[in-house]
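Novice: Test case, fold it:
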Amino acid sequence: MTDLSSASPAPAQGDAAPPAPARHPGWALVLISVAQLMVVLDATIANIALPYIGDDLSIESANLSWIVTGYALAFGGLLLLGGRLGDLLGRRRVFIMGLVVFAVASLLGGLATNEGLLLGARGLQGLGAALASPAALALITTAFPAGPARNRAFAVYAAMSGIGAAFGLVLGGWLTGLDSIVGLDVQGWRLTFLINVPIGIVAALLAPRFLPESARGVGRLDVPGAITGTLGLLGVVYGLTRAGEEAHGWGDTWTIAALAAGVALLVAFVVIEVRVPDPLMPIRIFANRTRAASFVAMMMVPAAMFAMFFFLSLYVQNIGGWEPLQTGFAFLPFSFGIVAGATLSSNLVNRIDPRYVAGVGTILAAIALFGFSRLPSDLAAGDVVGALAAGDPAVDINYWGTVFPFLVLMSFGMGMTFVPLTLTAVHHVRSEDSGIGSGVLNTMQQVGGALGLAALSTVASHVASNRAEVLGPQAGQAASGAGVPPEQAGGLVEGATYLGSFADGATTAFLVGAGVILLGSLVVWLFLDVKHTELATDGPEGVHVG
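Specialist: Coordinates of the predicted model:
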């Protein structure tokens with residue numbers, strides 16, 4: 001198959017010579033890693049603080065989820081725009097812009113006095129992340145030569161993605177309770193936003209010193225593509241999310257309208273990208289089979305990983321009765337596992353084809369999700385009612401036996417997967433498309449996570465609804481038989497029904513997630529056929545890989 005990117009364009013007017021590698025590559029990697037950590041961390045840091053945010057700003061529980069999804073949608077939906085801006089304006093310049101926007105948005109979020117301002121700040125944070133993240137990944141190829149040095153840099157970058165998600169839960173739990181621990185006048189949840197302000201500003205000030213600038217490209221910004229692509233993703237994710245809500249479902253008019261509009265806008269996006277002279281996402285970037293396979297796999301694998309974080313954190317708190325900070329610390333091994341997996345894979349891809357490294361990693365992750373699906377789910381209504389009446393957790397979770405092994409296995413598998421997929425996704429992309437290549441890669445990860453979580457949440461919701469129809473009457477009989485006072489029976493029955501049905505839905509989501517990762521693994525094994533020797537070269541640009 002011919003790679004359409006093999007055509008070498010004539011140098012554009014005003015293009016500078018390729019920038020020299022960074023004079024201080026160690027510090028350059030530190031800056032890039034800090035930015036990536038901050039961006040990924042913010043996807044989870046507010047999760048534990050949500051109840052406190054809702055109480056303080058009087059946000060309805062149904063709208064709290066948008067504090068998380070608003071950031072993810074803005075981030076994923078605008079990543080291609082961020083990548084294109086980096087190509088046109090210079091990647092270091094756009095990287096700095098993203099850090100400043102992110103810091104300002106974090107300040108607004110930390111000082112928010114109402115729901116509208118907070119949700120607007122979260123969307124603005126997503127814009128800042130969309131500018132900084134693809135530029136950061138592209139800057140690695142500028143600052144580090146091809147070969148082991150770049151492989152190690154990509155390993156650190158990939159590790160930051162995993163560490164940020166896990167560390168965000170710990171940091172969020174700690175900061176949320178900090179006001180009560182040390183008696184601060186500021187509500188603890190505000191610190192989950194304000195902590196980004198000094199980090200982002202310092203990184204932006206240091207970037208000109210340690211990061212080389214890329215050549216500025218020529219062309220126009222594809223505004224119609226940016227609008228249709230972003231709104232199309234928003235429509236699909238909103239429709240999937242709404243379909244998972246018991247009050248609406250798949251037959252709801254607005255659910256159908258949102259999904260139809262989203263799909264229509266995405267089709268329009270593809271048509272626009274084929275026809276415009278300066279597309280936001282050049283279709284030629286998918287012409288290489290290995291690169292396209294990397295993008296598809298990078299969309300499917302994080303879909304299950306994001307769902308794992310969501311459902312497992314809720315399971316151990318709701319079913320196991322764990323405290324928020326305890327839950328955050330329980331995820332810490334994920335950080336160490338993904339670092340170990342990324343370090344091993346960065347060394348292995350120098351000697352073994354990435355298909356085998358990523359293929360094994362995806363299988364390990366699928367096994368881990370299957371292990372999580374074996375958590376207790378068939379809860380007896382009478383036992384749950386009794387536990388709630390006594391103030392005990394519904395299930396006594398053995399962390400070291402049922403959570404820790406699979407958490408480590410999942411993280412190790414993700415570390416082994418992300419590094420080779422990152423390398424193969426941006427390898428031999430034309431220099432003027434490298435920002436777009438990294439933007440597509442990040443988009444696949446974020447959009448895959450949002451779509452995957454929405455889809456698996458819908459699956460879990462339907463399973464839970466069916467289970468609740470059975471558990472509700474059983475819980476009522478159990479409360480009546482136990483002689484529970486009428487003023488307490490209603491709450492116990494409702495709580496027991498919810499916990500029992502949620503456990504069934506969550507474990508089903510884990511099982512379906514394992515299937516999603518296996519499909520991603522199949523894509524890797526069948527189509528990721530680049531050789532490890534090719535990853536040690538930069539050119540010639542656009543040479544067909546695999």
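Novice: What ranges does the stretch 1-150 of the chain have for its helices?
Specialist: 25-41, 50-57, 61-89, 91-110, 115-143, 148-176 (DSSP state H, counting those that start in this stretch).
Novice: Any idea which of these gets closest to Ala475?
Specialist: helix 61-89 (21.8 Å; C-beta to C-beta). In short, each C-beta sits where N, CA and C put it, glycine included.
Novice: quick check: mean pLDDT across the closest one?
Specialist: Averaging pLDDT along helix 61-89 gives 76.
Novice: What of stretch 335-347?
Specialist: For stretch 335-347, mean pLDDT is 87.
Novice: now stretch 36-56
Specialist: On average, stretch 36-56 scores 77.
Novice: How about it, which residues are buried there?
Specialist: For stretch 36-56, burial by neighbour count (16 or more other C-beta atoms under 10 Å) applies to 36-50, 52-54.
Novice: Tell me which other helices or strands the longest helix along the chain touches.
Specialist: The single longest helix within the chain, with elements called by DSSP state H, is helix 434-481. When contacts are defined as 3 or more C-beta pairs under 8 Å, 6 or more residues apart in numbering; DSSP states H and E, helix 434-481 packs onto helix 61-89, helix 115-143, helix 223-243, helix 289-318, helix 381-390, helix 404-426, helix 486-527.
Novice: and these as CSV, adding distance to Thr458?
Specialist: Converted to CSV, those look like this (distance: least, C-beta to C-beta, whole Å):
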stretch, distance to Thr458
helix 61-89, 13
helix 115-143, 23
helix 223-243, 5
helix 289-318, 11
helix 381-390, 24
helix 404-426, 22
helix 486-527, 9
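Novice: Contact partners for the nearest residue to Ser521 once chain neighbours are set aside?
Specialist: The shortest distance from Ser521 to any residue other than its chain neighbours is 3.6 Å, reached at Thr362 (C-beta to C-beta, 6 or more residues apart in numbering). Going by C-beta atoms under 8 Å, 6 or more residues apart in numbering, Thr362 touches 297, 301, 413, 417, 517-518, 520-521, 524.
Novice: Surely Thr443 touches Leu79?
Specialist: Yes. Contact criterion C-beta atoms under 8 Å: Thr443 and Leu79 qualify, at 4.2 Å.
Novice: residues in contact with Ala475?
Specialist: 381-382, 384-385, 492-493, 496-497, 500.
Novice: Do me a favour and get the end-to-end distance for stretch 394-405?
Specialist: One end of stretch 394-405 to the other measures 22 Å (C-alpha to C-alpha, to the nearest Å).
Novice: what's the distance between it and the middle of its chain?
Specialist: Using C-alpha atoms, centre = their mean, to the nearest Å, the distance from the centre of stretch 394-405 to the centre of the chain it belongs to is 25 Å.
Novice: of the contacts of Thr362, closest to Val426?
Specialist: Of the contacts of Thr362, the one sitting nearest to Val426 (C-beta to C-beta) turns out to be Ala297, at 14.0 Å.
Novice: Flag the helix or strand of the chain with the lowest per-element mean pLDDT.
Specialist: The weakest-scoring helix or strand in the chain, judged by mean pLDDT, DSSP states H and E, is helix 178-182 (a mean of 61).
Novice: Pull the residues that contact the helix or strand that that one is followed by.
Specialist: Next in sequence after helix 178-182, counting helices and strands by DSSP states H and E, comes helix 188-194. With contacts defined as C-beta under 8 Å, 6+ apart, helix 188-194 is touched by 45-46, 49, 52-53, 56, 106-107, 109-111, 121, 171-172, 175-180, 184, 186.
Novice: Compute the number of surrounding residues for Gly126.
Specialist: 27 (other C-beta atoms under 10 Å).
Novice: Domain-wise, how is this structure divided?
Specialist: 21-212, 222-279, 284-532 (automatic domain parsing).
Novice: Where does the prediction get shaky in the stretch 401-546 of the chain?
Specialist: Applying pLDDT under 70 to the stretch 401-546 of the chain flags residues 430-439, 481-488, 535-546.
Novice: what do you get if the cut-off is 50, keeping everything else the same?
Specialist: Along the stretch 401-546 of the chain, the parts satisfying pLDDT under 50 run over 540-546.
Novice: how about stretch 257-269: buried residues?
Specialist: 258-259, 261-262, 265-266, 268-269.
Novice: from the chain's centre, how far out does it sit?
Specialist: Using C-alpha atoms, centre = their mean, the offset of stretch 257-269 from its chain centre is 22 Å.
Novice: who touches it?
Specialist: 225, 228-229, 231-240, 242-243.
Novice: Return that stretch as CSV; C-alpha atoms alone will do.
Specialist: The C-alpha trace of stretch 257-269 is given here as CSV (Å, rounded to 0.1, in the frame of the first residue of the first chain):
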residue,chain,number,x,y,z
ALA,A,257,-31.3,13.8,18.0
ALA,A,258,-27.9,14.2,19.6
LEU,A,259,-26.6,11.0,18.2
ALA,A,260,-27.9,11.7,14.7
ALA,A,261,-26.6,15.3,14.7
GLY,A,262,-23.2,14.1,16.0
VAL,A,263,-22.8,11.4,13.3
ALA,A,264,-24.0,13.9,10.6
LEU,A,265,-21.4,16.5,11.8
LEU,A,266,-18.6,13.9,11.8
VAL,A,267,-19.5,12.9,8.3
ALA,A,268,-19.4,16.5,7.3
PHE,A,269,-16.0,16.8,9.0
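Novice: what does the average pLDDT come to for it?
Specialist: The average pLDDT within stretch 257-269 is 93.
Novice: ditto for stretch 301-316
Specialist: Averaged across stretch 301-316, pLDDT comes to 82.
Novice: can you pull the buried residues of that stretch?
Specialist: For stretch 301-316, by 16+ other C-beta under 10 Å, it's 301-313, 315-316.
Novice: Surely Phe412 touches Val360?
Specialist: No. With contact defined as C-beta under 8 Å, Phe412 does not count as touching Val360 (10.0 Å).
Novice: Which one's more surrounded, these two?
Specialist: Phe412 (25 against 19).
Novice: Name the nearest residue to the more buried one, ignoring sequence neighbours.
Specialist: Gly341 (4.1 Å).
Novice: which ones are touching the one you found?
Specialist: Counted by C-beta under 8 Å, 6+ apart, Gly341 has contacts 361, 411-417.
Novice: picking up where we left off before, highest neighbour count among the contacts of stretch 257-269?
Specialist: Gly229 (27 neighbours).
Novice: got a list of what that one touches?
Specialist: Residues counted as contacts of Gly229 (C-beta under 8 Å, 6+ apart) are 77, 80, 265-266, 269, 280-281.
Novice: Since that was my last question, I'll sign off now.
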